[in-house]
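In: Take a look and give me a structure for this.
(one chain, ligands or ions: 3)
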Amino acid sequence: MSLIVMKFGGSSVGDAERMKRVAKRIVERKREGHSCVIVVSAMGDTTDDLIDLSNQINDGALPAAREMDMLLTTGEQVSVALLSMAIHNLGEQAVSFTGWQSGIYTEAVHGKARITDIQPERVLNAIEQGNVVIVAGFQGMTQEGEITTLGRGGSDTTAVALAAAIKADLCEIYTDVDGVYSTDPRIVKVARKLNEISYDEMLELANLGAAVLHPRAVEYAKNYNVTLVVRSSFTYNEGTNVKEEAVMEQGIVVRGIAYDKNVARVSILGVPEKPGQLAKVFLALADVQIDVDIIVQSGVINGSADFSFTTNLNDREKALDVLERIRGEIGFREVTSEVNLVKVSIVGAGMVSTPGVAATMFKVISDLGISISLVSTSEIKMSCVIDAAPLQDVIRALHSAYGLDTTEQAFVGGPQDRR
Ligand code: ADP
Ligand code: ASP
Ligand code: MG
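Out: Ligands and ions are numbered 1, 2, ... in the order given. Got it, this is the predicted structure:
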């Protein structure tokens, strides 16, 4: 008998019928003799709908982050209660808990808090008493008792962190595709399903936009060596194992391709060249929790330099406001920004030691007549920021150039009705 954490995403519990199907799947696992801890997300598009609702109330004003968390955590609470009822109706014992009832503590940041500690006694006691334990994903509590959320897609992180805390034998992430693919199977129909992928590669893919796993979930899995499987809640196909080391097929150097449409480019023009200037700029951005990604210096003329960086699209206005505020102090000339961009990235362990990987990426993009606005590389990834318009063509072309296309119709997924 083993202890399993099973996580079900929003589309897997999108309506009452799906919720009942998930309950059946859990009960099957239980009746195989396993102890099951379930993490579940808000139903279907609930989180987006709640955000829309708050936008209607706020008429463009920025809502208080605390109240936003109070609002968004309700989505997951609906799910846990309904799922628990559905399991009762199948004749099994189940109990639902919020994040805070499950002892999930986070730092005191609203909107994208990190888990700092899990005290799982209540969860463990409930398992001991024979319950299926159902935990609300994406939420936690600060030491001061404030409710927090873990960032969009954060239920994956609840699941993996909980699996580490209760020393589960396995953490299964059930979603609407049957594993991790070489790229988003909804964009490239000939994407190949990966039997396995290393933590490091998965972490890069997740950080670079592959929504199939929340980046922090992969971080946890790596740090605590959690056995992690991504699989479909709609089929019984074998999923993808995410593990320390994964075998790479002969002749293939790129494991996967990710894209992120959520990028903006901000340029700071005419920054006087003095020591400490850049530190001041980026400290000011960090103070308001703005994540900065690729940074480039694009030229020095007459003792002043231009800088560009990319940031999350949602943080663009906040970044422009902050920069405008410190413009006088730093003495730069102007701040501009660009949207309608996409960051396309290739990921593969050891690809840097293979000559020609970068050249291929540049050639594929330029053959499509697209210019590259920013580039960044590390040992196992390379990213180009380009015009968003021809995204599908770029990903398809890269996928085929790196020999990733499969000729079979590989994608067996769930519903296509969400996007
Ligand atoms: P859930 O609601 O179950 O958490 P998500 O929408 O967060 O599901 O993640 C699953 C989605 O991730 C898939 O529907 C797919 O479109 C997308 N995705 C992006 N990149 C990949 C990839 N490399 N492999 C599999 N799915 C991917
Ligand atoms: N419901 C949250 C979201 O939509 C968390 C999750 O689905 O993982 O982002
Ligand atoms: Mg998700």
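In: any idea how far the residue in the stretch 101-250 of the chain that ligand 2 sits nearest to is from residue 40?
Out: For the stretch 101-250 of the chain, the residue closest to ligand 2 is residue 155, as judged by CB to the nearest ligand atom, at 3.2 Å. From N, CA and C alone the C-beta is placed, and that goes for glycine too. Distance of residue 155 to residue 40, given as CB to CB, to the nearest Å: 7 Å.
In: Name the residue in those two with the higher neighbour count.
Out: residue 40 (32 against 29; other CB atoms under 10 Å).
In: about what we covered before: touching both of residue 155 and residue 40, which residues are there?
Out: 7, 76, 137 (CB atoms under 8 Å, 6 or more residues apart in numbering).
In: Identify the residues contacting the nearest residue to the residue of the stretch 101-250 of the chain closest to ligand 2 once chain neighbours are set aside.
Out: Nearest non-adjacent residue to residue 155, counting by CB to CB, 6 or more residues apart in numbering: residue 137, 2.6 Å away. For residue 137, the contacting residues are 7, 39-41, 76, 99, 154-156, 158-159, by CB under 8 Å, 6+ apart.
In: quick one: which of these sit in helices?
Out: When DSSP state H defines the helices, the subset of the contacts of residue 137 inside them is 76, 155-156, 158-159.
In: pLDDT weak spots in this protein?
Out: For the chain, residues meeting the criterion pLDDT under 70 lie at 407-419.
In: can you do 80?
Out: Residues of the chain meeting the criterion pLDDT under 80: 1, 60, 249-251, 298-299, 350, 352-353, 407-419.
In: how about the residues of it near ligand 3?
Out: Proximity of the chain to ligand 3, by CB under 5 Å from the ion, involves residues 9, 153.
In: Buried residues of stretch 333-347, list them for me.
Out: 335, 337-338, 341-347 (16 or more other CB atoms under 10 Å).
In: Revised request: answer the last question for stretch 32-45.
Out: 34-44.
In: Would you mind giving me the ChimeraX syntax to select the buried ones in the ones in helices among the contacts of residue 137?
Out: To isolate the buried members of those in ChimeraX, using 16+ other CB under 10 Å:
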select :76,155,156,158,159
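In: Now the ones in helices among the contacts of residue 137 in JSON lines, please, with extra columns for distance to residue 145.
Out: Below are the ones in helices among the contacts of residue 137 laid out as JSON lines (distance: CB to CB, whole Å):
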{"residue": "76", "distance to residue 145": "18"}
{"residue": "155", "distance to residue 145": "22"}
{"residue": "156", "distance to residue 145": "25"}
{"residue": "158", "distance to residue 145": "19"}
{"residue": "159", "distance to residue 145": "24"}
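In: Considering only the shared contacts of residue 155 and residue 40, which also neighbour ligand 2?
Out: Applying CB under 6 Å from any ligand atom to these, one finds that residue 137 fall near ligand 2.
In: follow-up on the earlier one: if we only consider the buried residues of stretch 32-45, which is nearest to residue 81?
Out: residue 40 (10.1 Å; CB to CB).
In: quick one, what contacts that closest one?
Out: Shown in contact with residue 40 (CB under 8 Å, 6+ apart): 7-8, 13, 22, 76, 79-80, 83, 134-137, 155.
In: ok, which residues in the stretch 251-400 of the chain are in contact with ligand 1?
Out: Residues of the stretch 251-400 of the chain lying near ligand 1 (CB under 6 Å from any ligand atom): residue 256.
In: What segments of the stretch 251-400 of the chain are helices?
Out: 277-287, 316-330, 357-367, 391-401 (DSSP state H, counting those that start in this stretch).
In: What are the buried residues along the third one?
Out: What it means is helix 357-367. So, applying 16+ other CB under 10 Å, buried residues of helix 357-367: 357-358, 360-361, 364-365.
In: Can you list the neighbours in contact with it?
Out: Residues from elsewhere that reach helix 357-367 (CB under 8 Å, 6+ apart): 253-254, 344, 346, 348, 351, 372, 377, 382, 384, 386, 394, 397-398, 401-402.
In: of all those residues, which comes closest to residue 307?
Out: residue 372 (17.7 Å).
In: which non-adjacent residue is nearest that closest one?
Out: Excluding its sequence neighbours, the residue lying closest to residue 372 (CB to CB, 6+ apart) is residue 384, at 4.8 Å.
In: what does residue 252 give?
Out: Among residues not flanking residue 252 along the chain, residue 403 sits closest, at 5.6 Å (CB to CB, 6+ apart).
In: which SS state does the one you found fall under?
Out: At residue 403 the chain is in coil, as set by DSSP: H, G, I helix; E, B strand; the rest coil.
In: Correct me if wrong: it contacts residue 248.
Out: No. Residue 403 is beyond contact range of residue 248, at 11.6 Å (criterion: CB atoms under 8 Å).
In: The two: which has the busier surroundings?
Out: residue 248 (18 against 12).
In: where does the more buried one fall, phi/psi-wise?
Out: Phi and psi for residue 248, reported as degrees, to the nearest 10, are phi -100, psi 130.
In: Make 21 the starting number, not 1.
Out: Will do, 21 is the new start, and the previous item becomes residue 268.
In: and the gap between it and residue 425?
Out: In terms of CB to CB, residue 268 sits 17 Å off from residue 425.
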